[in-house]
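Asker: What follows is a predicted protein model with its sequence.
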Number of protein chains: 2
Amino acid sequence: MTHDPRPSLRLHFTQGLTFGRGKADLLDQIASEGSISAAGRKMGMSYRRAWSLVEEMNAAFAQPLVESVRGGPGGGGAQLTETGRAVLESYRAVVQAINADQGDHLATIRALLKSDMPERK
Amino acid sequence: MTHDPRPSLRLHFTQGLTFGRGKADLLDQIASEGSISAAGRKMGMSYRRAWSLVEEMNAAFAQPLVESVRGGPGGGGAQLTETGRAVLESYRAVVQAINADQGDHLATIRALLKSDMPERK
């Protein structure tokens, strides 16, 4: 059993937008699934919820992060824009840097944990 | 108006404990107020809620993070243990490193935001 803490990062913007792991994962899933509804399903999220998060992100940035794609056999889908990819990559880079550079601090906390605590269901 | 995103960090431990800004701020307030109830009040948190967070943290670590102090005019209070200070300092160090080292990535995201978005109430 490992105690490695998994860091998650949330960015709070002055206009009220927050961007954290949930939205980053949703963008990832949209990129790989090519559809907002399929991405939401993958994340166990309602279609309405997935759309609402996308609309919130699109409204906060100068260019939308997700755009719809017309045509194709499924009647169109969605993909990340250049802005969407840039936001996601920058966010992932910060998280990666935490894991890469902050291991000593995380290990300090981990070493103080109770070692025999059962895992939660 | 600044767009600087404020990063907040949450650590997810395999046993189920999460440690983020709320618990870190509560530990800070306990250290300065010398009492769990006063710390909770400062954070707009019920006594019951503040106690429950402290109990959750104390149960997860090999040594408690907060200990009660007997005596004194107020009939005793609470203070951070050495473990409590170490956890808090390590957590703060990671957050500080994000702010110090990840400015370029945060600026990339900030630069993509809509500049004329009104602040939320």
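Answerer: Thanks, I have the structure now. Residues are numbered from 1 along each chain as shown, chains lettered A, B, ... in the order given.

Asker: what about the most centrally placed residue in chain A, is that helix, strand or coil?
Answerer: For chain A, the residue sitting closest to the mean C-alpha position, by CA atoms, centre = their mean, is residue A:24 at 1.7 Å. With DSSP: H, G, I helix; E, B strand; the rest coil as the basis, residue A:24 sits in helix.

Asker: For it, which residues are in contact?
Answerer: A:88, A:91-92 (CB atoms under 8 Å, 6 or more residues apart in numbering or on different chains). All C-beta atoms are positioned from the backbone trio N, CA, C, and that covers glycine.

Asker: For ChimeraX, what selects the buried ones among those?
Answerer: Buried residues within the contacts of residue A:24, by 16 or more other CB atoms under 10 Å in any protein chain shown, are selected in ChimeraX with:
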select /A:88,91
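
Asker: ranges for the strands of chain A?
Answerer: A:6-12, A:18-19, A:66-69, A:77-80 (DSSP state E).

Asker: looking at the ones you listed, which is closest to residue A:102?
Answerer: Residue A:102 lies closest, by CB to CB, to one member of the strands of chain A: strand A:6-12, at 7.5 Å.

Asker: could you give the angle of the closest one to strand B:6-12?
Answerer: Here strand A:6-12 runs at an angle of 160 degrees relative to strand B:6-12 (axes from the mean of the first three to the mean of the last three CA atoms, to 10 degrees).

Asker: which helices and strands does strand A:6-12 pack with?
Answerer: With contacts defined as 3 or more CB pairs under 8 Å, 6 or more residues apart in numbering or on different chains; DSSP states H and E, the packing partners of strand A:6-12 are strand A:18-19, helix A:21-33, helix A:82-101, strand B:6-12.

Asker: Any idea how far it is from the middle of the chain?
Answerer: 10 Å (CA atoms, centre = their mean, to the nearest Å).

Asker: Just the CA atoms of it, as PDB, please.
Answerer: Taking Å, rounded to 0.1, in the frame of the first residue of the first chain, the C-alpha atoms of strand A:6-12 are listed here in PDB:
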ATOM      1  CA  ARG A   6      -2.000  12.700  -5.300                       C
ATOM      2  CA  PRO A   7      -2.000  16.500  -5.700                       C
ATOM      3  CA  SER A   8      -4.900  18.100  -7.400                       C
ATOM      4  CA  LEU A   9      -4.800  21.700  -8.400                       C
ATOM      5  CA  ARG A  10      -7.600  24.200  -8.700                       C
ATOM      6  CA  LEU A  11      -7.100  27.700 -10.200                       C
ATOM      7  CA  HIS A  12      -9.300  30.400  -9.000                       C
END
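
Asker: Just checking: what are the partner strands of it?
Answerer: Using DSSP bridges, strand A:6-12 pairs in its sheet with strand A:18-19 (antiparallel), strand B:6-12 (antiparallel).

Asker: Going by mean pLDDT, which of these comes out lowest?
Answerer: Ranked by mean pLDDT, the strands paired with strand A:6-12 end with strand B:6-12 in last place, scoring a mean of 91.

Asker: No further questions, thank you.
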